[in-house]
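Asker: build me a model:
(chains A and B)
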Amino acid sequence: MASDRTPLGATVEPAAEEDQGPPGTEVALPAEPEARRALMPAIEPERLVNDWGRSERVEGAIDRTLYEFFYRYWFRVEVEGIENVPDRGGALLVSNHAGALPPDAAMIAKALRDEHPASRRLYITVEHFFKGYPGFSMLLPKVGGVAAHPANVHRLLYDEGECVLVFPEGRKGTEKLFKDRYKLRRFGRGGFVRAAMRAEVPLVPIALVGAEEAMPVFAQVGLLRKLTGLIYFPVTPTFPWLGPLGILAYLPAKFKIRFLEPIDTVALGGREAADDRALVQTVAQEIRARIQENLHDMLAERRSVWFG
Amino acid sequence: MSAEEPTARRVLVTGLATTWGGQLARALESHPQVEAIIGIDSSEPRVELERTEFVKVSNRHSLLARILRAAEIDTVVDVRLAVNSVAMTPAEAHENNVIGTMSILAACQESDCVRRLVFKSSAHYYGSEQDDPAFFTEDMRRPHRPRTRLERDIVEAEGLVAEFAHTTPRVGVAVARCANVLGPGLDTAFTRLFALPLVPMILGFDPRLQFVHQDDVVRALEFLTLSDLGGTYNVAADGVLALSEVISLLGKRPAPVVPPVGTGLLASALRVVGVRVPEELLNLLRFGRGLDNRKLKAAGFTYTHTSREAVQRLGEHLRLEPVRRGLEPAYTYEREVEAFLRWSPYVRREGRGGREGVEADHEPLGI
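Answerer: Residues are numbered from 1 along each chain as shown, chains lettered A, B, ... in the order given. As a prediction, this is how the structure comes out:
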């Protein structure tokens, strides 16, 4: 769901030279991660919500009920290669994306929490749009959604050493119709590669099968999209026929999540090479090709959409 | 770099009658290396000051320049910026924030003795928008043009300061961008909102908000005044709270009653009826704002309160408020008394830390 407006790779424009009063010495943030981490805000155990607005309580409640049901019984998620996600430190997870209200992000998060030996917590980048939409704005941060701003991703990866999930296809992935299923869209401008290189964390590509059939989108209605102020207005088997809640009615497709071999960004040149556009583009293309290849592989093996 | 470094300073504090000016002057009085403290404002100070010289003066730069030169001021601390629309009408705020800043900068430029300027600004500089980062760092610029008059004025004032820093390299400029301040006795849009029995929220939104305790702001200004730091620093306590969390910390009840659509229209309708909704609050209650406070910490400053503790202190204050109401203010400024205490030969001054020796080269200024 990476935004079109602020791609992950966008540089934040530095302010004008207001800091250059020569007689005063200017302090800069230290570059070493340890020194930076020492300056991070203290963690207060009494708090219910962390600094990103994430609430263990709300998340736990949803995790034990809704996610658990979908993960175990509805989508019967099967996970491969979870060991490709490191046990500690930051990692940028890159996945294909589908479904009008995509179930894939929540299932990947649940897989990392339940199946990973270190039970890793995942932050999911979401479009800025959601921060402005009532309801979503309240709920998404509580369950680990973070606006897809390059500064946010960098802080999570580099300073906090967390796992972050991005969908480089963004809106183009969730907008696409059923007839285009499992055809990867353009991978943005490769901003996610840049983010990982700047933070020097591994990139873990993910191929996910099932989300396309869980909520097939048959059409997009432009006029209704404008009227409702949503980012898109899809027609699915249940939406809008069953009202707004129809968007939550998924078909019981079998989910398979395959975590692929991680890409070492330090070996690619790390922070210094992050501005090399050609390299960033090449790596982005390569990741896209690998996910596409694995999708084809998984689809070829799959005998039934519903039983896997 | 550290506050202990013994470089003698002669400090002028603008806005002495504001909470910041008064508290800062009081804090600076305890430092022996601060030889002289002069406070200016157009109204009288509200806290008891021991050796700070108060000069009642408007924002006329020719007068200011004369004071700066006469007292050989080397450090100017400008804390007079109005950062919430509760305190002043928009027209007064514009006069104070833009025109006032201009004349102070002009005075600093005119007098060659000024070596250092500390400017108190506000995190309203960054605004509060949908596509903001979760934590603003000092080198970020707001993604959109300012929406409210107050924000426009603050951005303009900071622009003036930046321009001054650029054109006047002999003066080291430090800018403190303070998050929303909480503290007893402060009257801001947020303290008024939190004093309501039911705290209104915009339906469907639970913004992330960051605060800083009043004492930490004073300490940060003191720290910047006595240091040699240049550049811009966010002053915000650790911890970004969700509004719902703030309300529960205060022991209040949330009232998600403000409709998410047409909030601006509702605010204008209320204004017609006579209820003025501070316009800078509208976006904050929707999108919130978080600041990265690590740069000031890297410079050696430590906060005494987290955001959560600042909210808890406010909660305690609000619970005591009905008991305290109607008590006389602890201090009122009376010119003759102050003049007597400072200059009468009958006042015994021994053993009052820091006053001895300072007196000798001190001349009364305009009192």
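
Asker: wait, A:Val79 sits on A:Leu112?
Answerer: No - assessed by CB atoms under 8 Å, A:Val79 is found out of contact with A:Leu112, at 9.2 Å. All C-beta spots, glycine's among them, are computed from the backbone N, C-alpha and C.

Asker: compare the two and say which is more crowded by neighbours.
Answerer: Each of A:Val79 and A:Leu112 has its neighbours counted (other CB atoms under 10 Å in any protein chain shown); A:Leu112 has more, 23 against 18.

Asker: against A:Lys256, how distant is that one?
Answerer: From A:Leu112 across to A:Lys256, the span is 15 Å (CB to CB, to the nearest Å).

Asker: in the chain, which ranges drop under the pLDDT threshold?
Answerer: Using chain A. A:1-24 (pLDDT under 70).

Asker: could you do chain B instead?
Answerer: By pLDDT under 70, the weakly predicted segments of chain B are B:1-6, B:274, B:350-367.

Asker: for whichever residue of it sits closest to chain A, helix, strand, or coil?
Answerer: Nearest to chain A, among the residues of chain B, is B:Gly230, at 2.1 Å (CB to the nearest CB). Of the three states, B:Gly230 takes strand under DSSP: H, G, I helix; E, B strand; the rest coil.

Asker: check B:Ala174 too.
Answerer: strand.

Asker: does it touch B:Arg115 like I think?
Answerer: No - at 12.0 Å, B:Ala174 does not count as touching B:Arg115 under the criterion of CB under 8 Å.

Asker: and the helices in the stretch 51-200 of chain A?
Answerer: Taking DSSP state H, counting those that start in this stretch as the criterion, the stretch 51-200 of chain A contains helices spanning A:56-62, A:68, A:104-115, A:136-142, A:150-154, A:171-175, A:191-199.

Asker: what does chain B give?
Answerer: With helices called from DSSP state H, chain B shows them at B:19-29, B:61-70, B:90-94, B:100-110, B:149-167, B:189-195, B:214-226, B:243-249, B:263-273, B:279-287, B:294-298, B:307-324, B:335-343.

Asker: now the angle from the lengthiest strand in chain A to helix A:191-199?
Answerer: What stands out as the longest strand in chain A, according to DSSP state E, is strand A:203-209. Inter-element angle recorded for strand A:203-209 and helix A:191-199: 150 degrees (by axes from the mean of the first three to the mean of the last three CA atoms, to 10 degrees).

Asker: name the helices or strands packed onto strand A:203-209?
Answerer: Applying 3 or more CB pairs under 8 Å, 6 or more residues apart in numbering or on different chains; DSSP states H and E, one finds that strand A:203-209 contacts strand A:91-95, helix A:104-115, helix A:191-199, strand A:256-259, helix A:277-301.

Asker: list the helices and strands the second one packs on?
Answerer: Using 3+ CB pairs under 8 Å, 6+ apart, the elements in contact with helix A:104-115 are strand A:91-95, strand A:122-126, strand A:163-166, strand A:203-209, strand A:256-259.

Asker: mind putting the ones you listed in a markdown table, mean neighbour count included?
Answerer: What follows is those, written out as a markdown table (neighbours: other CB atoms under 10 Å in any protein chain shown):
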| stretch | mean neighbour count |
| --- | --- |
| strand A:91-95 | 26 |
| strand A:122-126 | 23 |
| strand A:163-166 | 26 |
| strand A:203-209 | 25 |
| strand A:256-259 | 23 |
